[in-house]
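Q: following is a predicted model, sequence given first.
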There are 2 protein chains.
Amino acid sequence: MSVNRQLCLKRNIQQGEPVSLDLFEVREAPLPEPAAGEFLVKTAALGFSPAQRAYLMGTASRFHAPVDLGEVMRGRGVGRVMASRHPDFREGDVVACSTGWQDYSIQSGDVSGMLVKTLQRVSDPQQPLHLHLGILGSSGFSAYFGFLDIGRPQAGDTVVVSAAAGGVGSIVCQIARLKGCRVVGIAGGAEKCAWLKQVVGVDEAIDYKADDLDQKFQEYCPSGIDVYFDNVGGDTLDAAMKNIALRGRAVICGMISTEYHEPPLPGPRYYYNLIYKRARMEGFFVWDYHEQFPAAEKELIDWYKAGDLKPTEVVYQGLLSAPDALQSLFSGADCGIRVVDC
Amino acid sequence: MSVNRQLCLKRNIQQGEPVSLDLFEVREAPLPEPAAGEFLVKTAALGFSPAQRAYLMGTASRFHAPVDLGEVMRGRGVGRVMASRHPDFREGDVVACSTGWQDYSIQSGDVSGMLVKTLQRVSDPQQPLHLHLGILGSSGFSAYFGFLDIGRPQAGDTVVVSAAAGGVGSIVCQIARLKGCRVVGIAGGAEKCAWLKQVVGVDEAIDYKADDLDQKFQEYCPSGIDVYFDNVGGDTLDAAMKNIALRGRAVICGMISTEYHEPPLPGPRYYYNLIYKRARMEGFFVWDYHEQFPAAEKELIDWYKAGDLKPTEVVYQGLLSAPDALQSLFSGADCGIRVVDC
């Protein structure tokens, strides 16, 4: 119990190389002690985001600071406060925060920095705690604020979601359905499309690996796409903008297909429909909504308890499975949200 | 007085060919007579827009219906009602509408179709009437609604306007200044840049033919571009999106540099700043604001009378100069709004 296992970066990843445990040294550090104003968190579960792969490249981009060699891998988790010398946090509190890939972390509760600003108290902890990294946590918040605040859906709207079988996308689909929208999900492969229809409950699923996107949009969205929630960019965004509805909204949440290239790849060619359709493309950062997280959490939990929002978490077991869980975002092996129970 | 001169299309224009009077037959038609529910308008002045060149290509695009051979050239004008059999319009009324390139036109006042929907009664006619095609008319309305409603400027914002020496751009610059913004105008050539500073009153002018846009944006917009009003698309939009400010707004008004290509040219590469800067790109159609035109006209006239909004009209003389006036939008020969006094 007094050992803190840490996954520390041993070498940088190459372009195209999968993330694996080989990249990391498993260091056994002593249990850290909170100083005045700090508290100790025991990691209960880890969550994953595509940006984490960029941290391993060893090159600073406009957007991502690399994880240095020897440093503990950066990442978000949920955990319990084990000891506290911070006035606002007590032993037993549950928080979601930047834990890193380790058993224990020291948190300051300071909200001045970007990383620490993401600290969030879980006001109504559900079991299992990893739900607070998924449908009830950061993935849920991204879907909730991106779709509702930027997408501004109306009942009856046709909503298209890319990477719909992914963590954020699968929640957007469910919220869209809750709001009375027709939902078209895009995913790669027949299996994921079947999962979208059966588990997530979309009205139509498009297999981008087999189908012609433009033709499917015309078939499934004959009046155009009212809200397009984009997680991928590239050709999918192109096809969606080509089929955007009058006064349609494209919510730019991610662009995993182009991996945030620098210099940038060609942008959405059909952006001229912004004029012809009086349409809007807008991006967002979920952390900007930090102060509204508690209210969102309450609504997400209500939907979950009512059975209207289904968990889609794929659970990996144990801290050492974290590299595989991250890699699965890119290999497309799983449907839903990846978490590691530690 | 009883002859109606009409510029009728004789042959289609080729890619890159300038618009000239040669393309048209000057037909002398009899004065038309209004039927019940119609009225006769004598054209006082003609206005011009880049889209008109596309009408002459002879090919229907997604966006522009061609003018057929033998048909009167389509275009917007302002004129007086000479005779009326319409209950809502009386002799002497001044209207802006789709007059075509001719001395007289029949109007129905019907607002059901796209072309006729653009009929607008000029409630407070100023002399010369061509101002109602410029700062007090459709160019003014495009600048007014696009900048204020889509751009949502705040005092102190840094505003960048492309094609700032053009019809709409030169008005956006002036309204931005009126709203307490810092204004950076982009135009081609030292002469236009000098005009922007001396006549339009921008804070900084960028010559896109001589300057490096990215470097100039960094110099003139050190905190980023809060509102980018885009009339050109292409590389200029790219550079602007690269330098967009946190929560910046790109108003997509036109894309003359890419001429609305089909299939479309690469879109804005730096659209990923929509995420990183929580920014927005949005297009608009000025005719959507049709019902708000009278209120806008009133405010524009107040600014004009107070000397805060300066006319930038370049006046061509006589109906037969219309082809040259249209061509001047593309040759970059003039600064400001082109009109023809008929």
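A: Arrived safely.
Q: which residues touch stretch A:209-219?
A: For stretch A:209-219, the surrounding residues in contact (C-beta atoms under 8 Å, 6 or more residues apart in numbering or on different chains) are A:160, A:184, A:186, A:188-190, A:204, A:206, A:225, A:235-236, A:239-240, A:242-243. Where C-beta positions appear, they are placed from N, C-alpha and C, glycine not excepted.
Q: what subset of those residues is buried?
A: A:V160, A:V184, A:I186, A:E204, A:I206, A:I225, A:T236, A:A239, A:A240, A:K242, A:N243 (16 or more other C-beta atoms under 10 Å in any protein chain shown).
Q: just the ones of those in helices?
A: A:T236, A:A239, A:A240, A:K242 (DSSP state H).
Q: dump the residue contacts of the second one.
A: When you say that, I think you mean A:A239. A:L213, A:D214, A:F217.
Q: how about the residues of the stretch 151-300 of chain A near chain B?
A: Residues of the stretch 151-300 of chain A lying close to chain B by C-beta under 8 Å from any C-beta of the partner chain are A:233, A:238, A:252-255, A:258, A:260, A:263-285, A:288.
Q: let's go with 7 Å and repeat that
A: Listed as neighbours of chain B in the stretch 151-300 of chain A under the rule C-beta under 7 Å from any C-beta of the partner chain: A:252, A:255, A:260, A:264-272, A:274-276, A:278-285, A:288.
Q: could you look up the SS state of A:Y289?
A: For A:Y289, the assignment made with DSSP: H, G, I helix; E, B strand; the rest coil gives helix.
Q: pull out the buried residues from stretch A:8-15.
A: By neighbour count on 16+ other C-beta under 10 Å, the buried set for stretch A:8-15 is A:C8, A:L9, A:N12, A:I13.
Q: quick one: the strands in the stretch 51-200 of chain A, in order.
A: For the stretch 51-200 of chain A, the strands defined by DSSP state E, counting those that start in this stretch cover A:77-84, A:94-97, A:104-107, A:120-121, A:158-161, A:182-187.
Q: and for the stretch 201-342 of chain A?
A: Under DSSP E, counting those that start in this stretch, the stretch 201-342 of chain A gives strands at A:204-207, A:225-230, A:244-252, A:280-283, A:313-317, A:337-341.
Q: what is the rounded mean pLDDT of the second one?
A: When pLDDT is averaged along strand A:225-230, the result is 98.
Q: domain ranges for chain A, per the record?
A: With domains defined by automatic domain parsing, chain A comprises A:3-130+A:314-341, A:138-286.
Q: ok, the closest residue to A:M241 other than its chain neighbours - contacts?
A: Excluding its sequence neighbours, the residue lying closest to A:M241 (C-beta to C-beta, 6 or more residues apart in numbering or on different chains) is A:Y270, at 3.8 Å. If you count contacts by C-beta atoms under 7 Å, 6 or more residues apart in numbering or on different chains, A:Y270 has them with A:D238, A:M241, A:K242, B:P264.
Q: of these, which pair is most distant in space?
A: Across these, the longest distance by C-beta to C-beta is 9.3 Å; it joins A:M241 and B:P264.
Q: the two: which has the busier surroundings?
A: Higher neighbour count among A:M241 and B:P264: A:M241, with 26 against 19, using other C-beta atoms under 10 Å in any protein chain shown.
Q: look at that one and report its pLDDT.
A: 96.
Q: could you check how far it is from A:Y271?
A: Counting by C-beta to C-beta, to the nearest Å, the separation of A:M241 from A:Y271 is 6 Å.
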